[in-house]
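Visitor: When you get a sec, could you give me coordinates for this:
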Amino acid sequence: MFNHLLSLLIWLPIVGAIPVLLAGSGRPNTARWISLLVAVLTFVLSLYLLSQYNAADSTKQLAEDHLWIASLGVHYSLAVDGISIALILLTTFVGILVIVGAWEVIQNKPHQYMAAMLVLEGLMIGVFCATDALLFYVFFEAMLIPMFILIGIWGGPRRVYATLKFFIYTFLGSIFMLVGLIYLYLKAGTFDLQTLAALPLDMKEQTWLFFAFLAAFAVKVPMVPVHTWLPDAHVEAPTGGSVVLAAVMLKIGGYGFLRFSLPIVPDASEAYAWVVIGLSLIAVVYIGYIALVQDDMKKLVAYSSVAHMGFVTLGIFIAFMLVRGAGNLDAAKLGMQGAMVQMISHGFVSGAMFSCIGVLYDRLHTRQIKDYGGVINVMPWFGFFYVLFAMANSGLPGTSGFVGEFQVVLASFQANPWIALFAAFTLIIGAAYTLYMVKRVLWGDITNPHVAEMKDINGRELFVLGAFAAAVLALGIWPQPLIHLMDSSVTQLVQQLGNHKI
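Guide: Predicted coordinates for the structure are as follows:
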């Protein structure tokens, strides 16, 4: 069984969704317990995967390879490195919390909701394991279906508009990627990522492919200016959908840059790194100001996600400037590590923030900041968690939000002090919009009589917020285990940045 560990991780939640569906709406509690059991087993299996991985070895490990489409030479090939495993652990961790978080909240067709979550979890794990480009694309596109269903059925009043916008943006971006992959297949005769990374390509070919990949992954991150689908999707999505979207799905864009743009088109990635860096800085600064004027808590945190994910793309592409411009491998490695840590940290912090907003919405059925005020007077435990996650979102030292951003700023300073200045500026803006929201929601006198009737968090909510809090503090205080897990993989990536194809 464990010779096919990665396949088991992918297909356990997908197949596990079948008995959840069969439980039917007539037995909602049975469906909930089965889905929780599947999510827990998947998480335990991911921990076993971690125990089987040798972090000192930079090569892809635990590989599986089976001929899938013989006429095209397409393989069902899977393998993982340290970066993949970190993201798989994040996915399985969040998978449990969204199931628990929706336990009492989702009353309409809970079996279908839980099944969609499990299928989505399996498909996201598939993205992080795939080493065949076409298999990656299949998982990459298939993720849209359960998320489309989650927003379209359990979303807010404008859910149809939000789902269509989400689908059109992400699907259109992916079409460019598919065209690029077909071109590479016709040239190399295979979809194997390692072979494609070694394929000689001239600058014109690399340029077209670079922008094809950029179109797909920039939408997924999302980067400015193709980010406008995200606030709408978050506002209309149910709480669990927002948590998964922010905590895991956005990371797939950054992961795609690592697996496609950097190794396959390195020269074009270097030539156009300034485009990505410029867009990242716009996201970090400009989007922060947009977040500052939001009245809807979900929309504020959604824009915050765009700004924080700007650090991921900045850290990845600043490494090119450091390797090829200054030959500074150590600083490049620091920037790349910072980007990876930021991906994991943002998963914890954004998931926690959306969970907190979900707790408030379940009680008052509004996300408007003006409808709250003085919440901490009636919900002190909730106030504790809300302030903790707000501090992490602001990049407070001692929380996970500080570690990755600080590493990226340090690396950026060695590439160009002006880039570092703009990047560091987000710490001020981030604190401004996050703490301004906390001030208006938690503090002051209670002006809305409905707020006075709100009850503090229950055991289920305490478990979800407590788990996120433990992760945020653990990564903030002791990030070394995560850095060690990804170190050899990041080192190899940085060394590959120096390779030229022309």
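Visitor: now residue 161: how far from residue 236?
Guide: 8 Å (Cβ to Cβ, to the nearest Å). In this view, the C-beta of every residue, glycine as well, is placed from N, C-alpha and C.
Visitor: More neighbours: which of these two?
Guide: Neighbours per residue (other Cβ atoms under 10 Å) separate residue 161 from residue 236, with residue 236 holding more: 24 against 12.
Visitor: Quick check: residue 349 touching residue 401?
Guide: Yes. Using Cβ atoms under 8 Å, residue 349 is in contact with residue 401, at 5.4 Å.
Visitor: list residues touching both of the two?
Guide: 308, 392-393, 472 (Cβ atoms under 8 Å, 6 or more residues apart in numbering).
Visitor: out of those, which are buried?
Guide: 308, 392-393, 472 (16 or more other Cβ atoms under 10 Å).
Visitor: By residue count, which helix of the chain is the longest?
Guide: helix 329-364 (DSSP state H).
Visitor: what about residue 461, neighbour count?
Guide: 23.
Visitor: ditto for residue 450
Guide: So residue 450, with other Cβ under 10 Å, has 13 neighbours.
Visitor: Tell me where the protein has strands.
Guide: 61-69, 74-80 (DSSP state E).
Visitor: For the first one, output the C-alpha coordinates as CSV.
Guide: C-alpha atoms of strand 61-69 as CSV (Å, rounded to 0.1, in the frame of the first residue of the first chain):
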residue,chain,number,x,y,z
GLN,A,61,11.3,11.2,-3.7
LEU,A,62,8.6,8.5,-3.3
ALA,A,63,8.1,8.5,-7.1
GLU,A,64,5.3,6.7,-8.9
ASP,A,65,5.1,6.2,-12.6
HIS,A,66,2.4,4.5,-14.7
LEU,A,67,1.7,4.9,-18.4
TRP,A,68,-1.6,6.8,-18.6
ILE,A,69,-2.4,7.7,-22.2
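Visitor: And stretch 365-381, end to end?
Guide: Using Cα to Cα, to the nearest Å, the span of stretch 365-381 from its first residue to its last is 20 Å.
Visitor: Correction: the previous question concerned stretch 72-85.
Guide: Start-to-end, stretch 72-85 (Cα to Cα) is 29 Å.
Visitor: same question for that stretch, mean pLDDT?
Guide: Here stretch 72-85 scores 92 as its mean pLDDT.
Visitor: Any idea how far it is from the middle of the chain?
Guide: Distance of stretch 72-85 from its chain centroid, counting by Cα atoms, centre = their mean, to the nearest Å, is 19 Å.
Visitor: List the buried residues for it?
Guide: Per 16+ other Cβ under 10 Å, stretch 72-85 contains these buried residues: 74-85.
Visitor: follow-up on the earlier one: among the shared contacts of residue 349 and residue 401, which two are most distant?
Guide: 308 and 472 (13.4 Å; Cβ to Cβ).
Visitor: Name the residues contacting each of those two.
Guide: 349, 401.
Visitor: okay, now residue 490: neighbour count?
Guide: Neighbour tally, residue 490, other Cβ under 10 Å: 27.
Visitor: Just to check, it is in contact with residue 83?
Guide: Yes. Counting by Cβ under 8 Å, residue 490 does reach residue 83; the two are 7.2 Å apart.
Visitor: where do the contact lists of those two overlap?
Guide: With Cβ under 8 Å, 6+ apart as the test, residue 490 and residue 83 both reach residue 340.
Visitor: who wins for proximity to residue 375 among the strands of the chain?
Guide: Among the strands of the chain, strand 74-80 sits nearest to residue 375 (Cβ to Cβ), with 42.3 Å.
Visitor: what does the closest one contact?
Guide: 6-7, 10, 49, 53, 60-68, 88, 128-132, 134-135, 191-192.
Visitor: how big is the angle separating that strand from strand 61-69?
Guide: 170 degrees (axes from the mean of the first three to the mean of the last three Cα atoms, to 10 degrees).
Visitor: Skip the chain neighbours and tell me the closest residue to residue 474.
Guide: residue 400 (7.9 Å; Cβ to Cβ, 6 or more residues apart in numbering).
Visitor: now swap in residue 242 and tell me
Guide: residue 354 (4.2 Å).
Visitor: Would you agree the one you found is in contact with residue 238?
Guide: No. Counting by Cβ under 8 Å, residue 238 is not a contact partner of residue 354; they are 10.1 Å apart.
Visitor: which residues of the stretch 251-400 of the chain score low on pLDDT?
Guide: Applying pLDDT under 70 to the stretch 251-400 of the chain flags residues 324-326.
Visitor: just so I have it, where are all the helices in it?
Guide: 251-256, 262-264, 266-271, 273-292, 297-320, 329-364, 380-393, 400-415 (DSSP state H, counting those that start in this stretch).
Visitor: Could you identify which of the ones you listed is most buried?
Guide: helix 297-320 (a mean of 27; mean count of other Cβ atoms under 10 Å).
Visitor: Can I get it in CSV? Just the C-alpha atoms.
Guide: What follows is helix 297-320, C-alpha atoms only, in CSV (Å, rounded to 0.1, in the frame of the first residue of the first chain):
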residue,chain,number,x,y,z
MET,A,297,-14.5,42.4,6.6
LYS,A,298,-14.2,39.6,4.1
LYS,A,299,-13.4,42.0,1.2
LEU,A,300,-10.7,43.6,3.4
VAL,A,301,-9.0,40.3,4.2
ALA,A,302,-9.3,39.3,0.5
TYR,A,303,-7.4,42.4,-0.6
SER,A,304,-5.0,41.7,2.2
SER,A,305,-4.4,38.3,0.7
VAL,A,306,-3.4,39.8,-2.6
ALA,A,307,-1.0,42.1,-0.9
HIS,A,308,0.6,39.3,1.2
MET,A,309,0.9,37.0,-1.8
GLY,A,310,2.8,39.7,-3.5
PHE,A,311,5.7,38.8,-1.2
VAL,A,312,5.6,35.3,-2.6
THR,A,313,6.1,36.3,-6.2
LEU,A,314,8.6,39.0,-5.1
GLY,A,315,10.7,36.5,-3.2
ILE,A,316,10.7,34.0,-6.1
PHE,A,317,11.7,36.5,-8.8
ILE,A,318,14.1,38.6,-6.7
ALA,A,319,16.2,35.5,-6.6
PHE,A,320,16.8,35.8,-10.4
